[in-house]
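Visitor: need a 3D model of the following:
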Amino acid sequence: MQLLAGLVLLAAVWILFRFAMGLRWAKVSREAARLEAESRGRRVVAEIPLSADELAFFQEDAQRFYWGDRSVAKSELRGARLLLSGNVVGSFSRAGASLPDPPVAEEYEGRERWDVVLYLQGGATDRVPCGTLREGVSREIAARVFEAVRREVQP
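Guide: Just a heads-up that it's a prediction; the model follows:
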């Protein structure tokens, strides 16, 4: 009986050790990716969750914003909207520019989804998905992205 209890304890310790090492590896990998982005002269504004185990950085340099495999020139920006589950929470535009009517409000799907929609010259738009993580996390990510874009459009 003591042997069985010892084996169960050993298995539990091994599982906890593997979990802790996985978390440490994720942190080290994320820090290395951040340093690599900063070594290119970019400032990391926020970490955007793409999936359960993948992150992208919303970054900026003097000319562009970058996230995932996307980028937008700062000079092309006309304005932006901060969306919560498709509903407008905040909005701004360049002086003299107007944004199109807001999108139709979506039906609530049972969780918060935060996005920042970028409005570009020529009527194009681009969306920065900021996540559906627990309350506060995705909201903070979206607020950081929204404010970084606002600083460039409305100096």
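Visitor: what is the spatially most central residue of the chain paired to in the beta sheet?
Guide: Computing the C-alpha centroid of the chain and ranking residues by Cα atoms, centre = their mean puts I48 first, at 2.4 Å. Listed beta-bridge partners, I48: A56 (assigned using DSSP bridges).
Visitor: helices along this structure, start to end?
Guide: Using DSSP state H, the helices of the chain run over residues 2-39, 137-153.
Visitor: wait, which of those is closest to A73?
Guide: A73 lies closest to helix 137-153 among the helices of the chain, at 10.3 Å (Cβ to Cβ). For every residue, glycine as well, the C-beta is placed using N, CA and C.
Visitor: who are the packing partners of the closest one?
Guide: Applying 3 or more Cβ pairs under 8 Å, 6 or more residues apart in numbering; DSSP states H and E, one finds that helix 137-153 makes contact with strand 43-51, strand 54-60, strand 64-67, strand 77-84, strand 87-93, strand 114-120, strand 125-131.
Visitor: repeat that with 7 Å
Guide: strand 43-51, strand 77-84, strand 87-93, strand 114-120, strand 125-131 (3 or more Cβ pairs under 7 Å, 6 or more residues apart in numbering; DSSP states H and E).
Visitor: turn the ones you listed into JSON lines, columns for mean pLDDT and distance to A33.
Guide: Converted to JSON lines, these look like this (pLDDT from 0 to 100; distance: least, Cβ to Cβ, whole Å):
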{"stretch": "strand 43-51", "mean pLDDT": "83", "distance to A33": "9"}
{"stretch": "strand 77-84", "mean pLDDT": "92", "distance to A33": "25"}
{"stretch": "strand 87-93", "mean pLDDT": "90", "distance to A33": "29"}
{"stretch": "strand 114-120", "mean pLDDT": "92", "distance to A33": "21"}
{"stretch": "strand 125-131", "mean pLDDT": "89", "distance to A33": "17"}
